[in-house]
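K.L.:
let me see the structure of the following:
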Amino acid sequence: MSADTLPKLLVAKAKRFGDKKVALREKDFGIWQEVTWEEYLQKVKHFALGLMSLGFQRGDKVAIIGDNRPEWIYSELAAQSAGGVSVGIYQDSLAKEVSYIIDHSDARFVVVEDQEQVDKILEIKDAIPKVQRVVYYEPKGLRNYNDPLLMEFTEMLELGKKFEAKHPQLFEEQVAAGREEDVAIISYTSGTTGFPKGAMLTHGNLLSMARNLIAVDPLTEKDEYVSFLPLAWIGEQMMSLSSALTVGFTVNFPEEPETVQENLREIGPHVMFSPPRIWEDMVSKVQVKIEDSTFLKKFLYRLFLPAGYKMADHKFQKTTPSLLDRFLYVLGDFLVFSAIKDHLGLLRLKRAYTGGAALGPDVFRFFHALGVNLKQIYGQTEISGISVVHRDDDIKFHTVGKPIPQTEVKIAENGEILSRSPSVFKGYYKNPQATAEALAGGWLHSGDAGYIDENGHLVVIDRQKDVIRLADGTIFSPQYIENKLKFSMYIKEAVIVGKDKPYVVAMINLDAGNVGKWAENHQIAYTTYIDLSQKQEVLELIRQEVERVNSELPKAARIHKFVVLHKELDADDEELTRTKKVRRGYIAEKYKELIEALYGEGQEFKVKGKIRYRDGREALVETALKIMYMQTEVA
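P.N.:
Below you'll find the predicted structure:
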């Protein structure tokens with residue numbers, strides 16, 4: 001049986017490793033619980049047979065919602081083993097978002113983590129009539145729930161064991177019947193322009209991507225990986241499922257989302273893949289820790305960081321460092337950099353990837369200065385997550401690298417990035433029009449603007465619809481400016497506006513924790529986030545950060561005015577996607593009057609609106625936002 005599907009790979013790995021090697025590891029009640037490859041297979045088998053005993057048919061869908069846990073992986077592979085499809089849903093999705101995806105995907109079974117997700121499903125029960133059973137794997141708080149829809153995870157496993165006794169070869173037969181062209185997952189896109197679309201990815205798509213990535217960056221079965229980003233995201237599917245089953249490395253699950261940093265340090269992974277916000281958060285943490293450290297630590301950090309940057313630039317420019325440069329870097333690594341990497345859990349990394357959005361060059365250079373082999377990748381859900389990546393010996397911080405094997409990339413006449421490979425998706429579920437548009441001419445249309453440089457590296461500018469045309473006629477990426485702003489430890493999010501406008505303006509979110517600490521250190525009293533955001537001292541602090549960015553930008557692209565928003569941009573308010581990408585169209589409409597005020601002559605803008613709290617409550621907010629002017633002259 002050739003291993004051309006994910007379940008077949010699982011069977012092959014279980015035969016090879018049996019109980020001799022750990023496949024999964026989860027921290028529970030402070031102890032790392034290990035799952036061997038044989039145990040992994042048995043859990044998948046019994047869950048799959050449990051589904052079949054309840055009438056699950058080939059082509060049926062299982063929707064899964066929850067934090068990263070082995071049960072998510074078991075459920076996904078069980079659905080695929082039975083000839084079905086898994087549908088991942090972000091665990092922080094609102095009830096209406098969950099309802100849309102479950103109903104749109106025609107899911108008949110739903111697997112959820114805990115009481116929170118069960119409550120969400122019961123709230124929308126009438127809107128998801130196709131669902132026949134909801135399986136939960138964390139029973140805490142659910143003892144008195146008597147809805148006939150509900151079933152505990154262990155009950156499903158027991159059903160599977162009983163069904164196996166009557167049909168001892170059924171699981172193996174169903175796995176053997178799987179084909180690489182079968183749809184494995186429906187991965188819903190971010191939905192930056194409306195409702196998310198369900199991208200149908202086959203086993204062949206996912207496995208060709210994994211094989212081609214491993215061909216560029218080999219990993220071994222002895223390597224460790226920590227799975228902490230949502231499994232609904234294609235990037236996490238790419239590592240925790242496709243690559244892990246291809247290579248056989250161990251996947252580790254943190255105890256709680258809040259303990260990720262601690263668990264990363266305990267495991268010391270050999271490979272990581274995270275979107276830019278994770279790397280930005282790490283930089284911010286380092287900056288804050290250094291500010292709070294002793295005089296000696298601050299001195300050593302500031303002394304050796306330039307040596308780190310110098311060594312990073314040698315790597316980027318492919319030049320040979322002098323003996324002095326090498327000595328200073330080795331000394332800096334011994335005294336400073338290794339301790340920082342150890343604190344972040346990055347000490348054993350062979351390589352790390354960033355993708356899903358553009359990473360600012362400042363953050364990229366910072367990690368290379370520490371000696372972290374961070375590499376940009378470029379891809380999208382529709383191409384199984386990756387089409388382009390940096391090579392170890394050919395990294396340029398302003399590019400995303402070169403295509404992986406079996407992948408072609410070209411630039412259309414209008415500047416759009418087009419791709420073609422065995423990893424390109426089958427189409428959008430129940431959306432033939434969008435499928436035809438995305439695959440027009442036999443190429444995957446990304447919607448991104450970019451170009452290929454003289455060394456064959458792909459340079460991504462931004463989404464085509466978001467590119468700003470500057471006053472001097474050149475085009476510029478708002479994302480580039482936003483990333484430079486977010487390198488500041490005081491700025492969490494930024495939205496640049498300037499398309500079809502005379503100059504560039506910015507709407508900024510504070511990093512409440514870091515700015516709050518700064519305010520306390522400077523004896524500035526405040527009550528709420530709103531109060532903190534409009535303190536004159538805080539606005540001057542942010543002005544300095546904007547001026548730093550302006551000094552590195554072309555004159556026509558400099559920020560002329562900015563405003564610090566009274567609230568954080570939030571996915572629950574539809575301002576961000578679940579992968580934390582800015583929904584520019586929605587924000588442009590929602591903050592239309594504020595944007596107009598930024599292009600007026602006023603000094604402040606009175607804002608009135610609702611803020612939604614995590615518990616569902618809403619509050620009416622009324623405040624005046626101060627419009628800050630920069631010294632830049634309009635070009």
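K.L.:
what lines up beside the lengthiest strand in the chain in the sheet?
P.N.:
As assigned by DSSP state E, the longest strand anywhere in the chain is strand 618-629. Under the criterion DSSP bridges, strand 618-629 sits next to strand 559-564 (antiparallel), strand 604-612 (antiparallel) in its sheet.
K.L.:
of all the ones you listed, which one comes closest to residue 106?
P.N.:
Of all the strands paired with strand 618-629, it is strand 604-612 that lies closest to residue 106, at 30.1 Å by CB to CB. C-betas here are computed from N, CA, C, even on glycine.
K.L.:
next up, the contacts around the residue nearest in space to the middle of the chain.
P.N.:
Geometric centre of the chain, nearest residue: residue 275, 4.2 Å, by CA atoms, centre = their mean. Applying CB atoms under 8 Å, 6 or more residues apart in numbering to residue 275 gives the contacts 229, 233, 235, 354-357, 579-580.
K.L.:
mind running it again at 6 Å?
P.N.:
Contact analysis of residue 275 by CB atoms under 6 Å, 6 or more residues apart in numbering lists residue 356.
K.L.:
can you check residue 90 too?
P.N.:
Counting by CB under 6 Å, 6+ apart, the residues that residue 90 touches are 230, 232, 578.
K.L.:
which non-adjacent residue is nearest it?
P.N.:
residue 578 (4.0 Å; CB to CB, 6 or more residues apart in numbering).
K.L.:
count the neighbours of that neighbour for me.
P.N.:
Residue 578 has 21 neighbours, counted by other CB atoms under 10 Å.
K.L.:
again with residue 548
P.N.:
As a burial measure, residue 548 scores 13 neighbours (other CB under 10 Å).
K.L.:
could you say which helix or strand contains the nearest residue to residue 82 once chain neighbours are set aside?
P.N.:
In space, not counting the residues next to it along the chain, residue 82 is nearest to residue 48; the distance is 4.7 Å by CB to CB, 6+ apart. Secondary structure assignment for residue 48, by DSSP states H and E: helix 37-53.
K.L.:
and that helix, average pLDDT?
P.N.:
The average pLDDT within helix 37-53 is 97.
K.L.:
for it, name the packing helices and strands.
P.N.:
Helix 37-53 sits against helix 6-17, helix 70-81, helix 153-166, helix 170-177, with contacts defined as 3 or more CB pairs under 6 Å, 6 or more residues apart in numbering; DSSP states H and E.
K.L.:
so which of those is the most surrounded?
P.N.:
Stretch with highest mean neighbour count among those: helix 70-81 (a mean of 27; mean count of other CB atoms under 10 Å).
K.L.:
centre of the chain to it, how far?
P.N.:
In terms of CA atoms, centre = their mean, to the nearest Å, the gap separating the centre of helix 70-81 from the centre of its chain is 21 Å.
K.L.:
cool, stretch 200-207 as well?
P.N.:
So, by CA atoms, centre = their mean, the centroid of stretch 200-207 is 20 Å from its chain's centroid.
K.L.:
can you list contacts of it?
P.N.:
Contacts of stretch 200-207 with the rest of the structure, by CB under 6 Å, 6+ apart, involve 5-6, 180-187, 242, 384, 423, 425-427, 429.
K.L.:
thinking again about what came up before, of all the helices and strands packed on helix 37-53, which lies closest to residue 588?
P.N.:
Of all the helices and strands packed on helix 37-53, helix 70-81 sits nearest to residue 588, with 35.7 Å by CB to CB.
K.L.:
average pLDDT across that closest one?
P.N.:
Computed over helix 70-81, the average pLDDT equals 97.
K.L.:
what angle separates it from helix 37-53?
P.N.:
Helix 70-81 runs at 60 degrees relative to helix 37-53, counting by axes from the mean of the first three to the mean of the last three CA atoms, to 10 degrees.
K.L.:
angle of helix 70-81 against helix 153-166?
P.N.:
Using the same axes, to 10 degrees: helix 70-81 against helix 153-166 is 40 degrees.
K.L.:
what comes into contact with helix 70-81?
P.N.:
Defining contact as CB under 6 Å, 6+ apart, one finds that helix 70-81 is touched by 6-7, 10, 24, 26, 43-44, 47-48, 62, 64, 66, 86, 111, 137, 153, 175, 184, 231.
K.L.:
ok, stretch 404-416 next?
P.N.:
For stretch 404-416, the surrounding residues in contact (CB under 6 Å, 6+ apart) are 212-213, 215-216, 387, 389, 403, 418-422, 449, 451, 458, 464.
K.L.:
for residue 181, which non-adjacent residue is spatially closest?
P.N.:
Nearest non-adjacent residue to residue 181, counting by CB to CB, 6+ apart: residue 202, 5.5 Å away.
K.L.:
hey, what's the one you found bridged with?
P.N.:
Beta-bridge partners recorded for residue 202 (DSSP bridges): residue 183.
K.L.:
how much space between it and residue 431?
P.N.:
Using CB to CB, to the nearest Å, we find residue 202 at a distance of 17 Å from residue 431.
K.L.:
among the helices and strands packed on helix 37-53, which comes closest to residue 568?
P.N.:
Residue 568 lies closest to helix 70-81 among these, at 27.9 Å (CB to CB).
K.L.:
tell me the pLDDT at residue 281?
P.N.:
So, for residue 281, pLDDT stands at 87.
K.L.:
which other helices and strands contact the helix or strand hosting it?
P.N.:
Element membership for residue 281 (DSSP H and E) is helix 276-291. Where contact means 3+ CB pairs under 6 Å, 6+ apart, helix 276-291 is packed against helix 361-370.
K.L.:
which elements pack onto the helix it packs on?
P.N.:
Using 3+ CB pairs under 6 Å, 6+ apart, helix 361-370 is in contact with helix 276-291, helix 295-317.
K.L.:
and those helices, which one averages the lowest pLDDT?
P.N.:
For those, the bottom mean pLDDT is recorded on helix 276-291, which sits at a mean of 88.
K.L.:
circling back: I'd like the next helix or strand past the helix holding residue 48.
P.N.:
Using DSSP H and E, the helix or strand that directly follows helix 37-53 along the chain is strand 61-65.
K.L.:
excluding residues flanking it in the chain, which one is nearest residue 348?
P.N.:
residue 268 (4.1 Å).
K.L.:
ok, that neighbour to residue 367 distance?
P.N.:
Applying CB to CB, the value for residue 268 to residue 367 is 16 Å.
K.L.:
next one: residue 496
P.N.:
Applying CB to CB to residue 496 and residue 367 gives a distance of 24 Å.
K.L.:
relative to residue 5, how far out is the residue nearest to residue 82?
P.N.:
Taken as CB to CB, the span from residue 48 to residue 5 is 13 Å.
K.L.:
looking at the helices and strands packed on helix 37-53, which is nearest to residue 91?
P.N.:
Judging these by CB to CB, what sits closest to residue 91 is helix 70-81, at 9.7 Å.
K.L.:
relative to strand 61-65, how tilted is that closest one?
P.N.:
Between helix 70-81 and strand 61-65, the angle comes out at 170 degrees (the same axes, to 10 degrees).
K.L.:
give the residue spans of the stretch 1-150 of the chain that score low on pLDDT.
P.N.:
Applying pLDDT under 70 to the stretch 1-150 of the chain flags the ranges 1.
K.L.:
per-residue confidence at the spatially closest residue to residue 272 that is not a sequence neighbour?
P.N.:
In this structure, residue 272 finds its nearest non-sequential neighbour in residue 352, 4.3 Å apart by CB to CB, 6+ apart. On pLDDT, residue 352 comes in at 92.
K.L.:
so the protein: which segments form each domain?
P.N.:
6-179+220-269, 274-465, 469-629 (automatic domain parsing).
K.L.:
in CSV, list the ones you listed along with distance to residue 197.
P.N.:
Shown next, in CSV, are the domains of the chain (distance: least, CB to CB, whole Å):
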stretch, distance to residue 197
domain 6-179+220-269, 9
domain 274-465, 5
domain 469-629, 12
